[in-house]
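1. sequence and predicted structure, then a few things I'm wondering about:
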Amino acid sequence: QVQLVESGGGLVQAGGSLRLSCAASGRTFRSYAMGWFRQAPGKEREFVAVMSGSGSSTGYRDSVKGRFTISRDNAKNTVYLQMNSLRPEDTAVYYCASSVVVSNRAESYNYWGQGTQVTVSS
């Protein structure tokens with residue numbers, strides 16, 4: 001069983017930055033790929049970024065490439081999402097999730113956090 005707890009969301013103006021954190025329980029954190037997803041009101045959940053357990057492999061959705069950076073600290077059982085140059089369309093609830101495979105598909109992830117709200121004002 002893995003428990004995930006996100007933090008770091010909030011209200012920011014367009015062009016600003018936020019860093020999300022996701023703390024995981026358990027001793028096998030480094031065995032899991034970690035992903036970030038988001039869901040805006042009235043929209044489906046969408047993939048944002050993923051990092052392999054070792055940190056050697058990453059992936060991003062096109063609209064966040066060059067603005068968002070995923071990272072992890074396996075000693076702290078934590079994954080991060082640094083978000084720069086935020087846009088109003090980035091407004092959503094952001095979720096972290098764990099998977100045994102590196103994937104951009106939500107159905108590949110078996111453990112999810114409760115989400116943290118990110119609101120970007122124009």
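-> Received, thanks. Please read all numbers here as calculations on a predicted model, not as lab measurements.
2. who touches Gly115 in this structure?
-> By Cβ atoms under 8 Å, 6 or more residues apart in numbering, the contact set of Gly115 is Glu6, Gln39, Val93, Tyr94, Tyr95. Every C-beta, even on glycine, is put in place using the N, C-alpha and C of the backbone.
3. does the residue nearest to the spatial centre of the chain lie in a helix or a strand, and which?
-> For the chain, the residue nearest the mean C-alpha position is Trp36 (2.5 Å; Cα atoms, centre = their mean). Using DSSP states H and E, Trp36 maps to strand 33-39.
4. likewise for Ala97?
-> Applying DSSP H and E, one finds Ala97 within strand 92-99.
5. got the CA positions of that strand in PDB?
-> Provided in PDB are the C-alpha atoms of strand 92-99 (Å, rounded to 0.1, in the frame of the first residue of the first chain):
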ATOM      1  CA  ALA A  92      -6.700  22.600 -12.300                       C
ATOM      2  CA  VAL A  93      -6.500  20.100  -9.400                       C
ATOM      3  CA  TYR A  94      -3.100  18.400  -9.600                       C
ATOM      4  CA  TYR A  95      -2.600  14.800  -8.600                       C
ATOM      5  CA  CYS A  96       0.400  12.700  -8.100                       C
ATOM      6  CA  ALA A  97       0.300   9.000  -8.700                       C
ATOM      7  CA  SER A  98       2.500   5.900  -8.700                       C
ATOM      8  CA  SER A  99       2.900   3.200 -11.300                       C
END
